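Enquirer: okay, here's the prediction I keep looking at, along with the sequence it came from:
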Amino acid sequence: MENPEKNNPPSFFLIIIALIIGSALFKQVDFKTFKVEHPALAAVYLITLVGCVYFLIKGRKGRVEK
C-alpha cells in the first residue's frame, strides 16, 4: 500500500505567498542603478520570502524522508 504522505503537494498557501512577495520585491528593485525604492520594506519582503522558501523546502524534505 502506498504512503499518502509522499504524494502531498507543497503547501498551496506558502507558494502563493512566495509568488506575491517575490514579485513585490522584484518590482521594488531598479536594475539600472541597483537601488531599492523602500529599503526597509524590501528587507521585510526578503525576510518573509526566505522564510517561506525555507518552510517549503523543509516540508518537502520531511515528506520525502518518511
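Expert: Right, received. Where do you want to start?
Enquirer: neighbours of Ile21, how many?
Expert: 20 (other C-beta atoms under 10 Å). For every residue, glycine as well, the C-beta is placed using N, CA and C.
Enquirer: now the top helix by length along the chain: how far from the chain's centre is it?
Expert: Assignment by DSSP state H gives helix 39-65 as the longest helix of the chain. Distance, stretch centre to chain centre, for helix 39-65: 5 Å (C-alpha atoms, centre = their mean, to the nearest Å).
Enquirer: now do stretch 37-50
Expert: Stretch 37-50 sits 12 Å away from the centroid of its parent chain (C-alpha atoms, centre = their mean).
Enquirer: need the contact partners of it.
Expert: With C-beta atoms under 8 Å, 6 or more residues apart in numbering as the contact definition, stretch 37-50 has outside contacts at 17-18, 21-22, 24-25, 28-30, 36.
Enquirer: list the buried residues of the longest helix of the chain.
Expert: 45, 48-49, 52-53, 56 (16 or more other C-beta atoms under 10 Å).
Enquirer: what would the residues you listed look like in CSV with pLDDT and distance to Ser11?
Expert: Putting the buried residues of helix 39-65 into CSV (pLDDT from 0 to 100; distance: C-beta to C-beta, whole Å) gives the following:
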residue, pLDDT, distance to Ser11
Tyr45, 96, 19
Thr48, 96, 15
Leu49, 96, 15
Cys52, 95, 9
Val53, 93, 12
Leu56, 90, 7
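Enquirer: turn those residues into TSV, columns for distance to Phe13.
Expert: Converted to TSV, those look like this (distance: C-beta to C-beta, whole Å):
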residue	distance to Phe13
Tyr45	17
Thr48	13
Leu49	14
Cys52	9
Val53	14
Leu56	10
